[in-house]
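K.L.:
next one to model:
(one chain, ligands or ions: 3)
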Amino acid sequence: MRKICLLGSTGSIGTQTLDVIRSHKEEFQLIGLSFGRNVALGLKQIQEFRPKVVCVYSKEEANLLYPDLPPGVKVVYGEQGLVEVAAVCEADILVNAVMGSIGLKPTLGAIESGKDIAIANKETLVTAGHLVTEMAKKYEVELIPVDSEHSAIYQCLHGDVEKDVDRLILTASGGSFRDRSLSELEGVTVEEALNHPNWEMGAKITIDSATMMNKGLEVIEARWLFNIPYEKIDVILHKESIIHSMVEYIDGSVLAHLGTPDMRVPIQYALSKPKRLVLHGGQKLNLWEVGSLHFEKPNMERYRCLKMAFEAGKIGGSAPTVLNAANEIAVSEFLNGNIPFLGIDQLVEKALSDHSPTSDPSLDEIVMIDEETRNKIKSYLN
Ligand SMILES: NC(=O)C1=CN([C@@H]2O[C@H](COP(=O)(O)OP(=O)(O)OC[C@H]3O[C@@H](n4cnc5c(N)ncnc54)[C@H](OP(=O)(O)O)[C@@H]3O)[C@@H](O)[C@H]2O)C=CC1
Ligand SMILES: CC(=O)[C@@H](O)[C@H](O)COP(=O)(O)O
Ligand SMILES: [Mn+2]
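P.N.:
Ligands and ions are numbered 1, 2, ... in the order given. Okay, here's the model as predicted:
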């Protein structure tokens with residue numbers, strides 16, 4: 001029985017993780033969970049799964065929970081609470097499915113307490129990949145990818161990444177505006193941007209897919225998860241999202257992972273690997289129905305966020321921290337209707353050009369630079 005702690009239980013990845021746990025009760029037990037402000041859903045989850053410890057956004061949400069809380073459930077809150085639930089609870093594995101760099105400290109805390117990390121929360125690896133991977137090595141825990149592309153690569157990897165692999169090839173759907181030119185993006189609405197062609201996901205990642213910042217963050221995520229240089233990471237447009245990513249070996253062989261777009265597959269594999277379990281309610285891939293698959297080289301001038309992510313990744317140090325923090329705020333401003341869609345990459349570009357990167361930043365430096373960047377973006381808007 002694998003004991004699981006889940007951060008971000010009310011979100012897209014969180015609810016699908018609970019589906020997996022629910023459908024394999026003989027394999028998995030939920031020990032701790034966290035959510036933010038969705039008390040109504042969070043309470044139902046607590047009543048169903050009876051975790052020992054729960055973290056919510058603030059004291060306000062904790063107070064809303066108390067009257068209906070089953071006996072024996074401990075409630076904590078805030079950033080410190082997230083670290084506590086991730087580190088203290090007696091789980092074997094942490095599923096980190098919160099959105100944003102708020103996931104960094106709980107990840108480090110869980111690693112220090114010896115838990116493996118099933119990581120969906122890519123922003124944590126983007127903002128501080130060097131710290132997370134160093135610490136995982138030190139405490140001998142595994143970082144297991146949940147992101148579909150990285151899970152695909154993980155499943156295609158055999159042998160020595162350094163010696164045998166020529167390239168990782170990340171597939172990209174192109175997002176909601178893939179059939180429009182840059183000039184056609186002026187005035188697009190939040191609703192249009194949230195209409196992803198292949199995946200149903202949380203709002204922030206859906207906007208990231210539309211700007212292709214998602215793929216940029218995934219390039220940086222791949223660099224850290226697989227300890228591979230940027231020169232060996234490529235992105236290819238593949239509009240069907242059937243091939244989830246590929247590994248090209250030095251002998252020219254390319255291994256790919258295919259499947260219908262369903263995040264429960266990589267979530268379940270991260271929890272059960274190397275064992276494979278039946279995906280209850282899943283749809284098998286029917287290639288006759290799919291018919292053909294398409295591939296295209298992305299135009300870096302069209303997908304400026306992807307270009308900036310490659311550049312920031314190659315600069316390294318604190319540059320990816322700035323890229324990520326600026327993007328988190330810019331996306332939230334777009335979702336709140338305060339800036340146009342095309343304002344997102346402009347704000348990220350400005351934040352990067354105003355920053356002098358520090359090499360090998362410490363945790364304190366990362367936290368400071370992340371906060372400074374968020375404030376800077378808000379000041380540009382004022
Ligand atoms: N959705 C997907 O298919 C994929 C997602 N990912 C990655 O997984 C992560 C989660 O994505 P997704 O599930 O789509 O996101 P959602 O927005 O759907 O869910 C986010 C979860 O995090 C909680 N949360 C958000 N902010 C805070 C905070 N400040 N403090 C505590 N909890 C918080 C939310 O709580 P509440 O709603 O209760 O406020 C919710 O439970 C992201 O990093 C994303 O990039 C990666 C691959 C695929
Ligand atoms: C499901 C998943 O892993 C997402 O990150 C997905 O890849 C988004 O799709 P695109 O970024 O390719 O549009
Ligand atoms: Mn992905």
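K.L.:
strands of the stretch 101-250 of the chain, residue ranges please.
P.N.:
Counting by DSSP state E, counting those that start in this stretch, residue ranges of the strands within the stretch 101-250 of the chain are 116-119, 143-145, 165-172, 233-237, 243-249.
K.L.:
in three-state terms, label residue 300 for me.
P.N.:
The assignment at residue 300 comes out as coil when based on DSSP: H, G, I helix; E, B strand; the rest coil.
K.L.:
can you report how many residues neighbour the residue nearest to it when sequence neighbours are not counted?
P.N.:
Nearest in space to residue 300, with sequence neighbours left out and distances taken as Cβ to Cβ, 6 or more residues apart in numbering, is residue 307 at 4.3 Å. Using the backbone N, CA and C atoms, a C-beta is placed for each residue, glycine as well. Close neighbours of residue 307, defined as other Cβ atoms under 10 Å, add up to 18.
K.L.:
state the three-state secondary structure for residue 307.
P.N.:
Under three-state DSSP, the three-state class of residue 307 is helix.
K.L.:
and it, what's its pLDDT?
P.N.:
As predicted, residue 307 sits at a pLDDT of 98.
K.L.:
check the one 4 residues further on too.
P.N.:
Note on residue 311: pLDDT of 98.
K.L.:
list the residues that contact the residue in the stretch 1-150 of the chain that ligand 3 sits nearest to.
P.N.:
Distances between the stretch 1-150 of the chain and ligand 3 by Cβ to the ion are smallest at residue 147, namely 4.3 Å. Taking Cβ atoms under 8 Å, 6 or more residues apart in numbering as the criterion, residue 147 is in contact with 119-120, 122, 218, 221, 266.
K.L.:
for ligand 1, state which of these is nearest.
P.N.:
residue 120 (3.6 Å; Cβ to the nearest ligand atom).
K.L.:
check contacts around that closest one.
P.N.:
Under the criterion of Cβ under 8 Å, 6+ apart, the contact list for residue 120 reads 8, 13, 95-97, 146-147, 267.
K.L.:
can you add mean pLDDT and mean neighbour count and give the strands of the stretch 101-250 of the chain back as TSV?
P.N.:
TSV is the format used below for these (pLDDT from 0 to 100; neighbours: other Cβ atoms under 10 Å):
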stretch	mean pLDDT	mean neighbour count
strand 116-119	98	26
strand 143-145	98	22
strand 165-172	98	22
strand 233-237	98	19
strand 243-249	98	21
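K.L.:
nearest to residue 43, of those?
P.N.:
Smallest distance to residue 43 across these (Cβ to Cβ): 24.3 Å, for strand 116-119.
K.L.:
ok so residue 256 is a strand residue?
P.N.:
Yes. Under the criterion used here (three-state DSSP), residue 256 sits inside a strand.
K.L.:
ok, now how distant is the closest residue to it other than its chain neighbours from ligand 3?
P.N.:
Closest residue to residue 256 in three dimensions, ignoring its sequence neighbours and counting by Cβ to Cβ, 6+ apart: residue 246, at 4.4 Å. Relative to ligand 3, residue 246 is positioned 14 Å away (Cβ to the ion, to the nearest Å).
K.L.:
for residue 289, same thing?
P.N.:
Counting by Cβ to the ion, the separation of residue 289 from ligand 3 is 23 Å.
K.L.:
residues near residue 129, how many?
P.N.:
Neighbour count for residue 129, taken as other Cβ under 10 Å: 23.
K.L.:
let me know the pLDDT of residue 211.
P.N.:
Looking at residue 211, its pLDDT reads 98.
K.L.:
repeat that for the one 4 residues further on.
P.N.:
At residue 215 the predicted local distance difference test score is 98.
K.L.:
what's near enough to touch the closest residue to it other than its chain neighbours?
P.N.:
If you skip the residues right next to it in sequence, residue 215 has residue 172 as its closest partner in space, 4.5 Å away by Cβ to Cβ, 6+ apart. The contact partners of residue 172, taken as Cβ under 8 Å, 6+ apart, are 212, 214-215, 235-238, 298.
K.L.:
now, which of those residues sits nearest residue 291?
P.N.:
Nearest member of the contacts of residue 172 to residue 291, counting by Cβ to Cβ, is residue 238, at 14.2 Å.
K.L.:
for the closest one, grab the count of nearby residues.
P.N.:
Per other Cβ under 10 Å, the neighbour tally for residue 238 reads 21.
K.L.:
bridging residues for the residue nearest to it when sequence neighbours are not counted?
P.N.:
Counting by Cβ to Cβ, 6+ apart, residue 238 lies nearest to residue 171, which is 4.1 Å off, once chain neighbours are set aside. Beta-bridge pairing of residue 171, defined through DSSP bridges, involves residue 236.
K.L.:
let me know whether residue 87 touches residue 113 as I believe.
P.N.:
Yes. Taking contacts as Cβ atoms under 8 Å, residue 87 lies within contact range of residue 113: 4.5 Å.
K.L.:
ok, the two, which is more surrounded?
P.N.:
For the pair residue 87 and residue 113, the greater number of neighbours falls to residue 87 (22 against 17), based on other Cβ under 10 Å.
K.L.:
within the helices and strands, which one has the more buried one?
P.N.:
Secondary structure assigned from DSSP states H and E places residue 87 in helix 78-88.
K.L.:
show me which residues of that helix are buried.
P.N.:
When burial is assessed from 16 or more other Cβ atoms under 10 Å, helix 78-88 yields the following buried residues: 81-88.
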